[in-house]
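In: Curious how this folds, go ahead:
(one chain, ligands or ions: 1)
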Amino acid sequence: WVGNMTENGKKISIAIDGPSGAGKSTISDKIASEFGFLHLDTGALYRAVGLAVYREGVDPHDADGVRKVAETINVTAMHTPNGQKTLLNGEDVSREIRQNVISGYASAVSALPLVREKLLGIQRQIALNNNVLVDGRDIGTVVLPFADIKIYLTASVESRAQRRYEELILRGEHPDYDTICSEIQARDIADSTREIAPLKCAEDATVLDTSGLSFEDGYALVKNTITERLEKCFIQ
Ligand code: DC
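Out: Okay, the predicted model is just below:
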């Protein structure tokens with residue numbers, strides 16, 4: 001029925017914003033593949049810039065140093081049947097950008113206007129040409145302010161830290177829960193207090209809280225909300 005909704009050629013856009021660890025990316029991935037939408041994980045693009053800065057040994061808070069790196073790199077997302085591949089100068093860095101150290105780099109570089117401008121066009125271009133589910137921090141407020149559906153997905157710090165902890169264990173890392181908790185709190189503050197495009201709930205977004213929910217329950221909550229909205233918006 002998604003095909004019927006788009007008969008007039010208009011592409012559908014769904015924006016999912018929220019703090020890190022609320023489940024945005026994994027939930028979006030599953031829903032997008034079920035609905036036949038393209039899932040754009042915008043955090044991955046900021047992570048790719050963060051990785052480039054990390055590789056160059058530049059301090060991510062050094063605006064001039066980051067600018068020099070950002071000006072010379074090419075960051076893109078390629079969508080395959082197996083999901084998004086994130087490319088840095090043509091190299092597939094999808095796995096490398098998930099390292100814990102890159103989270104802090106991504107958050108720091110994402111506060112710089114030059115980095116945000118560089119990535120804004122890429123995100124809008126992808127959304128223009130596809131039915132998309134885009135997840136990030138400023139999608140409903142800045143990147144796609146006219147998105148058809150906006151969701152703000154959140155969860156308590158403890159619940160997000162627990163998920164991140166389990167994810168890192170699965171990846172073979174040796175995380176410390178308390179450190180993760182403080183890193184998440186620091187990132188929340190940095191992401192929501194930066195001057196440009198801060199993490200913020202759009203006025204017309206539906207707020208959903210996944211604290212204490214299993215992946216399946218969080219996924220069902222988001223999917224039901226989107227399905228209801230799609231029916232209201234596109235099936236009279
Ligand atoms: O979603 P994530 O944890 O992979 O995002 C990494 C960082 O990128 C996050 O700390 C903030 C930044 N980001 C952003 O500023 N705007 C977005 N739309 C997505 C991510």
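
In: Other residues contacting the helix or strand containing residue 166?
Out: Using DSSP states H and E, residue 166 maps to helix 157-170. Residues outside helix 157-170 that contact it (CB atoms under 8 Å, 6 or more residues apart in numbering): 19-23, 100, 175, 177, 180-181, 184-185, 188, 210-212. Every residue, glycine included, has its C-beta placed from N, CA and C.

In: What parts of the protein come near the ligand?
Out: 20, 42-43, 46-47, 103, 106-107, 110, 136-139, 187, 191 (CB under 6 Å from any ligand atom).

In: Report pLDDT for the residue nearest to the spatial centre of the chain.
Out: By CA atoms, centre = their mean, the mean C-alpha position of the chain lies nearest to residue 136, the distance being 3.1 Å. On the pLDDT scale, residue 136 is placed at 96.

In: go on, residue 21?
Out: Per the predicted model, pLDDT is 87 at residue 21.

In: ok, for it, nearest residue in space, not its chain neighbours?
Out: Among residues not flanking residue 21 along the chain, residue 160 sits closest, at 3.1 Å (CB to CB, 6 or more residues apart in numbering).

In: mind checking how far the one you found is from residue 219?
Out: Here residue 160 is placed at a distance of 16 Å from residue 219 (CB to CB, to the nearest Å).

In: Between those two, which is the more surrounded one?
Out: It is residue 160, of residue 160 and residue 219, that has more neighbours when counted by other CB atoms under 10 Å, with 25 against 20.

In: Which parts of this protein are strands?
Out: 13-17, 38-41, 75-80, 83-88, 91-92, 132-136, 149-154, 206-209 (DSSP state E).

In: Sheet partners, orientation included, of the fourth one?
Out: Yep, that's strand 83-88 we're talking about. strand 75-80 (antiparallel), strand 91-92 (antiparallel) (DSSP bridges).

In: mean pLDDT lowest for which of those?
Out: strand 75-80 (a mean of 94).

In: Buried residues of it, list them for me.
Out: By 16 or more other CB atoms under 10 Å, the buried positions in strand 75-80 come out as 75, 77.
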